[in-house]
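# No sequence on hand, only this structure:
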DNA sequence: TTAACAAGACCGACTGGTTGGTCTGTAACG
DNA sequence: CGTTACAGACCAACCAGTCGGTCTTGTTAA
């Protein structure tokens, strides 16, 4: 790919994360990328396209990871574990993308917005499906409505972009493990706790206990 | 207070929620509020002040509710239950405020931003404190780091603004009850589950079980 | 080897439209 | 008659996007 194109993306990502899409002008972007208006508009149709590309980069990755996690494992317990772990880890790789994604998605042009919605929904449906399977197989508690549990899980993970910092107190893997433990305790029947928790990777990696 | 001022706030809130702060011009606001530039700037110093007032209205309310819930109850279990319930219910009352709050807070002017941060932090600290108390008293599991658990809870609740709809499948009280159940299962020791769940209000209001 | 040409990459002054905010005027009210 | 509440024409700044032009790189043919 083009050197300059990559540079513009990296630079604008930082700027957008700090000041928001509307808080950054194209002139600022080209200045920070050591290029010009001409250079910018040679590689991007518009400022909006730049916003879209940022969105697409990250959501495409998440979707791919989730599909892989879903196919590799059989039981709902292992599936949800793998999806959550992969999902949480994404925040270490793509935090700037995600910040922009959630802060500015409202400003995507309709055509772009449609594409995003399709991919977002595909991911959401995968999570819902796993929970449903788990409830039907009896691995998960049946008392809790699948949709609310699903949104609770998506919410607690998505919110990570608001507070996670790479040099913070906890590593992304520690956070992922706590989240998995938290979620499994919440959705597994009480009787299977002991067993399940000890089966999980939490014992293999006793970071902070 | 002034009739017009309230009208402007209501109207702009709807517009901001739908199109974002930058997607709405002052002219659109005054048109939708049946007033004029003069009317607007008679009541607000700037468009930014309007954004601030929206933020402040909601966060002040949340803080008040949380303090009340915290003072009324003694045990960490009841406290966390009450705080979560109150917190979730806020999304029914103030969903537009909250949407704007989380989407556009990045654009607050520094002076406004400072005030917001103080109140947000105060709320966060209350949640952290309750979890800490619970872990120290042995009511909550001690294996999970308080900060991560706290952010998980804040995240799953905060995310509600992305999907909750008043005329949706589940009422705000149902959602609140599921969240409380979900959280308590996650943070209570396994042994106390049976007991706790039956103690909670979940049995008093068997909506959908 | 090199001159001629083409095409893509990049430059930056300029513009047209938009937008937050101001200012002068006026009507209602007490 | 002064003060508050509002109206609406106006303005200055800003900003995404354009456009004519230059520079670089690759290709072809003599």
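Received it, and whenever you're ready, just let me know what you need. Since this is a predicted model, take the numbers as computed values, not measurements. Residues are numbered from 1 along each chain as shown, chains lettered A, B, ... in the order given.
# And chain A, what are its domain boundaries?
Per the record, chain A has its domains at A:1-44, A:45-199, by automatic domain parsing.
# Redo the ones you listed as JSON lines? Include mean pLDDT and mean neighbour count.
The way it works is simple: take the backbone N, C-alpha and C, and place the C-beta from them, glycine included. Shown next, in JSON lines, are the domains of chain A (pLDDT from 0 to 100; neighbours: other Cβ atoms under 10 Å in any protein chain shown):
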{"stretch": "domain A:1-44", "mean pLDDT": "93", "mean neighbour count": "16"}
{"stretch": "domain A:45-199", "mean pLDDT": "94", "mean neighbour count": "18"}
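# Just put the ones you listed in TSV and tack on distance to residue B:139.
Shown next, in TSV, are the domains of chain A (distance: least, Cβ to Cβ, whole Å):
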stretch	distance to residue B:139
domain A:1-44	39
domain A:45-199	15
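# Chain B is nearest to which of those domains?
Across the domains of chain A, chain B has its closest neighbour in domain A:45-199 (2.6 Å, Cβ to the nearest Cβ).
# picking up where we left off before, any chance of TSV for the domains of chain A, columns distance to chain B?
As requested, the domains of chain A are exported to TSV (distance: least, Cβ to the nearest Cβ, whole Å):
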stretch	distance to chain B
domain A:1-44	4
domain A:45-199	3
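# who in chain A is up against DNA strand D?
Residues of chain A lying close to DNA strand D (Cβ under 7 Å from any atom of the strand) are A:24-27, A:37-38, A:41, A:46-48.
# List, out of these, those positioned next to DNA strand C.
Residues of the residues of chain A next to DNA strand D in contact with DNA strand C (Cβ under 7 Å from any atom of the strand): A:37-38, A:41.
# Among these, which lie within helices?
Among these, the residues falling in helices (DSSP state H) are A:37-38, A:41.
# related to what we said a few turns ago, for the domains of chain A, which one sits closest to residue B:99?
When the domains of chain A are compared by Cβ to Cβ, domain A:45-199 sits nearest residue B:99, at 9.1 Å.
# Spatially nearest residue to residue A:160 (excluding sequence neighbours)?
Excluding the flanking residues, the one nearest residue A:160 by Cβ to Cβ, 6 or more residues apart in numbering or on different chains is residue A:91, at 4.7 Å.
# Who are the contact partners of the one you found?
By Cβ atoms under 8 Å, 6 or more residues apart in numbering or on different chains, residue A:91 lies in contact with A:98, A:157, A:160-161, A:164, A:172.
# now residue A:152
Neighbours of residue A:152 in contact, by Cβ under 8 Å, 6+ apart: B:156, B:159, B:178-179, B:182.
# Tell me which helix or strand it sits in.
When elements are assigned from DSSP states H and E, residue A:152 belongs to helix A:146-158.
# ok, and what's touching stretch A:49-57?
A:8-9, A:12-13, A:16, A:21, A:44, A:94, A:97, A:100-101, A:104-105, A:107-109, A:112, A:115-116, A:119.
# wait, does that stretch contact DNA strand C?
No. Contact of stretch A:49-57 with DNA strand C (Cβ under 7 Å from any atom of the strand) is absent, the minimum separation being 14.6 Å.
# what's the offset of that stretch from the middle of its chain?
Counting by Cα atoms, centre = their mean, to the nearest Å, stretch A:49-57 is centred 15 Å from the centre of its parent chain.
# do the same with stretch A:16-30
In terms of Cα atoms, centre = their mean, the centre of stretch A:16-30 is set 23 Å apart from its chain centre.
# try stretch A:67-79
Distance, stretch centre to chain centre, for stretch A:67-79: 17 Å (Cα atoms, centre = their mean).
# Contact residues of chain A facing DNA strand C?
In this structure, chain A approaches DNA strand C at residues A:2-4, A:34-39, A:41-43, judged by Cβ under 7 Å from any atom of the strand.
# What is the most widely separated pair among the residues you listed?
Spatial extent of the residues of chain A next to DNA strand C (Cβ to Cβ) is set by the pair A:3 and A:37 at 17.9 Å.
# quick revisit: between the ones in helices among the ones next to DNA strand C among the residues of chain A next to DNA strand D, which is closest to DNA strand C?
Ranked by distance to DNA strand C (Cβ to the nearest atom of the strand), those are led by residue A:38 at 1.6 Å.
# Tell me the spacing between the closest one and residue A:3.
16 Å (Cβ to Cβ, to the nearest Å).
# which residues touch stretch A:135-144?
With Cβ under 8 Å, 6+ apart as the test, stretch A:135-144 has contacts from A:75-77, A:131, A:134, A:146, A:187-189, A:192, B:178, B:181-182, B:185, B:209.
# now with 10 Å?
With contact meaning Cβ atoms under 10 Å, 6 or more residues apart in numbering or on different chains, stretch A:135-144 is reached by A:75-80, A:130-134, A:145-146, A:149-150, A:152, A:184, A:186-190, A:192, A:196, B:177-179, B:181-182, B:185, B:197, B:202, B:206, B:208-209.
# What is the subsequent helix or strand relative to the helix or strand where residue A:80 lies?
Under the criterion of DSSP H and E, residue A:80 resides in helix A:76-104. Later in the chain than helix A:76-104, the nearest helix or strand by DSSP H and E is helix A:110-137.
# Return the distance of that following helix from the chain's centre.
Distance of helix A:110-137 from the chain centroid (Cα atoms, centre = their mean) equals 13 Å.
# got the angle between it and helix A:76-104?
Here the directions of helix A:110-137 and helix A:76-104 differ by 160 degrees (axes from the mean of the first three to the mean of the last three Cα atoms, to 10 degrees).
# residue contacts, the residue of chain A most remote from its centre?
Here chain A reaches farthest from its C-alpha mean at residue A:38, the gap being 33.5 Å by Cα atoms, centre = their mean. Contact analysis of residue A:38 by Cβ under 10 Å, 6+ apart lists residue A:30.
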